[in-house]
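>>> coordinates only, sequence not included:
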């Protein structure tokens, strides 16, 4: 212990919220000598890291604006606490004497094992350094490239919201081509798909031309889509499906599934090719999910890089004064926002249980020969 009338030496390890608060509160005592040890020269607002990742906030603050007079900051890491000698050993080799130690280094959540691929490919954002790596990775992406947020806690929800704000800042591109679709009332134009509303969300429903059936994964997605009453009446937005198959098959499959969402055929038009959900090198270079043919083949995605093949995705449009503008498209996991079944299963101990291509058509549960596709 300290000698009579000598100041009490307190070493606070960790300069986060708890550490800085503890150090500042200790200043209320005049007989305390306070040293704060932190590996970074700036305070990190961990609750703002989701904004940093999206490029909307810096998330770091100079300690000079936070620590009161009398608190000494040592930028270093604590590697060992010698309780017998009452010393804290730092990464630099320096030693700090102490009478009391406050250990306030916080914690970091583990990557959930229930989400396949998360541990190998996801970027944690609980620490500044990992958030910086993610920020750099996002900066290298195509502006419309899809980003999946794993985890629906406060940080996950806020991160998704911040990234969505980025997406809304993307430029709107005028649609000059006259696309022709077929629906229950015959031939229609793209603006007709809005049904008089200001916004249109198109789900590019993948058709399996080899078996002439709607894709089970896309069917799972449509099963998960909500009754559009709130989109239609509360948000002036139409949700519609589009597939590159004659309308006769669209109508038959829609009746089989019992769906009520509007569904149109783009068969015979360039719509699917222009929005890169159908492949035909005679019309346009093959591209899917912002990847060219060579990249798709290298990543084992030949099924969508083959001439005549379809993929799935979502495209968003807005109309103003009769003119249609394209604002956003996402493919692959970028369309997972539609999958409400996963939102519920993410709350459960067993998690999602099945990958997206392991869900059957809903009318085949219990059937011994139900179709499960793999790609």
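Structure received. Since the model is a prediction, treat every value here as computed from it, not as a measurement. Numbering: from 1, shown residues only.
>>> contacts, neighbours, all on C-alpha from now
Noted.
>>> show me what the helix or strand bottoming out on mean pLDDT in the chain is packed against.
None of the helices or strands of the chain scores lower by mean pLDDT, DSSP states H and E than helix 154-168, at a mean of 73. Counting contacts by 3 or more Cα pairs under 8 Å, 6 or more residues apart in numbering; DSSP states H and E, helix 154-168 packs against helix 49-53.
>>> try 10 Å
helix 49-53, strand 323-331 (3 or more Cα pairs under 10 Å, 6 or more residues apart in numbering; DSSP states H and E).
>>> what's the closest of these to residue 317?
Evaluated with Cα to Cα, these place strand 323-331 nearest to residue 317, the distance being 4.5 Å.
>>> okay, buried residues for the helix or strand just after that closest one please.
Once strand 323-331 ends, the next helix or strand along the chain (criterion: DSSP states H and E) is helix 340-345. Residues of helix 340-345 classed as buried under the neighbour-count rule (16 or more other Cα atoms under 10 Å) are 340, 342-343.
>>> where in the chain is pLDDT low?
1-4, 108-112, 114, 143-144, 152-153, 166-170, 369-375 (pLDDT under 70).
>>> can you map out the helices along it?
Counting by DSSP state H, the segments of the chain that form helices are 17-26, 49-53, 118-121, 128-139, 154-168, 216-224, 229, 235, 247-257, 271-274, 293-298, 302-305, 340-345.
>>> looking at these, which is closest to residue 77?
Of all the helices of the chain, helix 17-26 comes closest under Cα to Cα, at 13.9 Å.
>>> check contacts around residue 94.
Counting by Cα atoms under 10 Å, 6 or more residues apart in numbering, residue 94 touches 76, 78, 87-88.
>>> distance of residue 176 from residue 237?
The spacing between residue 176 and residue 237, counted by Cα to Cα, to the nearest Å, is 21 Å.
>>> typo on my end, it should be residue 282
34 Å.
>>> more neighbours: the two, which one.
Between residue 282 and residue 237, counted using other Cα atoms under 10 Å, the more crowded position is residue 237 (22 against 8).
>>> check contacts around the nearest residue to that one once chain neighbours are set aside.
Of all residues not flanking residue 237 in the chain, residue 199 sits nearest, at 4.6 Å (Cα to Cα, 6 or more residues apart in numbering). Counting by Cα under 10 Å, 6+ apart, residue 199 makes contact with 191, 193, 231-232, 235-239, 316-320, 324-325.
>>> residue 199 pairs with what?
Beta bridges link residue 199 to residue 237, residue 318, judged by DSSP bridges.
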